[in-house]
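Engineer: Below is the structure, and that's it, no one-letter string:
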Ligand SMILES: O=P(O)(O)OC[C@H]1O[C@](O)(CO)[C@@H](O)[C@@H]1O
């Protein structure tokens, strides 16, 4: 049945009308127990939903809607490997990547957990050799610099995790420097190559498809740079300086990655869900295999919780359903991700891909156009920095925005560094202060109403605070799995397939069509007046016409 015809949806519509005039400040003054009522803890994460514009009735209706849409059944389909990515005729089994070794999951008669474990062992061998200084470049010197070349899911997850978990680097005899390169125009790579030593630099070419032009052009530039600098033959460079990570072995081999330096994963791992696979090699190099496995365990703990916990306690389900409430019933279509921890700098970019590439769709599983909103516009920044940039709009603008505040409760506690401890306290104070003012507005002040209009704060901006006990590989794994499952919950309610991304394909084709007219001013170009005009201007500026 169409989601908007479900009884839960209809009930939520009238409930939203009834709550329309209710400000968060009213909800707080009516109920002194909001925090106890609307906060939920799972393992190392605590989510406070009390600053959402919800009542216990809202939760009951959301639960009814989740049941109407058979959420439980869909979760089971996800975990057992049913081909729920129908447009690509495959399952979405990122949860299998974090299953313990003693579990089994059969796909077409084959135990994929055994494959995952084998893959982890191969990763571990590579990590060990590099950490021990036994992986040597063409001149015989140990590799000390890693450059991950990838884009989208083959870049954002590892880059985010390496930054987030940099406190957890193991003591190794051969410390590594790590870089991430994604941009198609080569600007990141060009800057980097000027400062790298070719004989000690190893490139990881990460691409699920191994056909992504952005990644392949950066990889080719890197290989040419090595060739010029070393004067040695391709075969030696490929063996000593390139590792490939892909679901496409054939393409990796064609490019020249030697079989021993190939790490594989599977088409049932979506690009934006792939940091748990061999795509996570940079993470394992950064925090060691032990740390990487802790991250997998954290995610697995969230998987088990998602699969088994009742709705009222199910953290990803609540996060997803309260998002549905905001988007479809309170008409809020902007979502800010605000980590109060500089180590989570890349979390907003990661979630932009995870959420918007998964749920930024308007066609249902039945091929019909949705007549309701789906994924909101997501963006974000480290919270304290964003306070000096776009919080003005959050506090006094005309848009309703829902916010996620994400902060670790403990940091620096065992460093003995009181200045840093104080900085953490200051950061938490800002996090709590902002969430409070966004919710309650200037009613937090005694004499607010006497202030001129330009100094007033209207409040009523809903937010969730995600409090992490302490940022570790384990809790980080939980946090990311939480968001993955939240996205899945919403996709079920919206009746869309979150695991394909057809909306990115046409742009790739069109760019290919434009290459020839850009290179050759005499080539036939008959696009549209804007594109033709821009082509002519570029030719003129490049001195081609
Ligand atoms: O890992 P690949 O195949 O290079 O793809 C990179 C990214 O490009 C996309 O396919 C979008 O074009 C993403 O889904 C993916 O994460």
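Structural biologist: Yep, that arrived. All of these numbers come straight from a predicted model, not from anything done at the bench.

Engineer: Go ahead and confirm residue 485 touches residue 306.
Structural biologist: Yes - counting by CB atoms under 8 Å, residue 485 touches residue 306, with 4.6 Å between them. Every C-beta, even on glycine, is put in place using the N, C-alpha and C of the backbone.

Engineer: anything in contact with each of those two?
Structural biologist: 316, 317 (CB atoms under 8 Å, 6 or more residues apart in numbering).

Engineer: Next, count neighbours for the residue of the stretch 251-400 of the chain found nearest the ligand.
Structural biologist: Per CB to the nearest ligand atom, residue 271 is where the stretch 251-400 of the chain lies closest to the ligand, at 2.8 Å. Residues near residue 271, counting by other CB atoms under 10 Å, number 25.

Engineer: And it, how close does it get to residue 378?
Structural biologist: Note on residue 271: its distance to residue 378, by CB to CB, to the nearest Å, is 17 Å.

Engineer: same check, this time on residue 118
Structural biologist: Taking CB to CB, one finds residue 118 at 36 Å from residue 378.

Engineer: ok, those two, which is more surrounded?
Structural biologist: A direct count of neighbours by other CB under 10 Å for residue 118 and residue 378 places residue 378 higher, at 21 against 11.

Engineer: Let's verify the residue nearest the centre of the chain: helix, strand, or coil?
Structural biologist: Nearest to the geometric centre of the chain sits residue 350, at 3.0 Å (CA atoms, centre = their mean). Recorded secondary structure, residue 350: helix (DSSP: H, G, I helix; E, B strand; the rest coil).

Engineer: my guess is it contacts residue 158, does it?
Structural biologist: No - assessed by CB under 8 Å, residue 350 is found out of contact with residue 158, at 10.0 Å.

Engineer: residue ranges for the strands of the protein, please.
Structural biologist: 39-42, 45-48, 106-107, 110-111, 145-149, 177-181, 201-206, 242-246, 262-264, 334-339, 377-380, 402-410, 463-470 (DSSP state E).

Engineer: and the ligand, which of those strands is closest to it?
Structural biologist: strand 201-206 (6.6 Å).

Engineer: The closest one packs against which elements?
Structural biologist: strand 145-149, helix 213-230, helix 234-241, strand 242-246, helix 281-308 (3 or more CB pairs under 8 Å, 6 or more residues apart in numbering; DSSP states H and E).

Engineer: Does it reach the ligand?
Structural biologist: No - interface with the ligand: strand 201-206 contributes nothing (CB under 6 Å from any ligand atom), its closest point being 6.6 Å away.

Engineer: What's the mean pLDDT across that strand?
Structural biologist: Across strand 201-206, pLDDT averages out at 98.

Engineer: partners of that strand in the sheet?
Structural biologist: Strand 201-206 has the following sheet partners, assigned by DSSP bridges: strand 145-149 (parallel), strand 242-246 (parallel).

Engineer: Could you export the ones you listed as TSV, including mean neighbour count and distance to the ligand?
Structural biologist: Below are those laid out as TSV (neighbours: other CB atoms under 10 Å; distance: least, CB to the nearest ligand atom, whole Å):
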stretch	mean neighbour count	distance to the ligand
strand 145-149	23	10
strand 242-246	26	8
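
Engineer: Get me the contact residues on the stretch 101-250 of the chain for the ligand.
Structural biologist: Residues of the stretch 101-250 of the chain lying near the ligand (CB under 6 Å from any ligand atom): 151, 152, 153, 154, 207, 208, 209, 212, 215.

Engineer: Please flag which of these sit within helices.
Structural biologist: residue 215 (DSSP state H).

Engineer: Which of the residues of the stretch 101-250 of the chain next to the ligand are buried, as a PyMOL select command?
Structural biologist: One line in PyMOL is enough to select the buried ones among these; burial here means 16 or more other CB atoms under 10 Å:
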select buried, resi 151+152+153+154+207+208+212+215
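
Engineer: can you list the domain ranges for the chain.
Structural biologist: 24-54+316-445+455-471+491-500, 94-286, 503-541 (automatic domain parsing).

Engineer: Residue 82: which of those domains is closest?
Structural biologist: domain 94-286 (10.2 Å; CB to CB).
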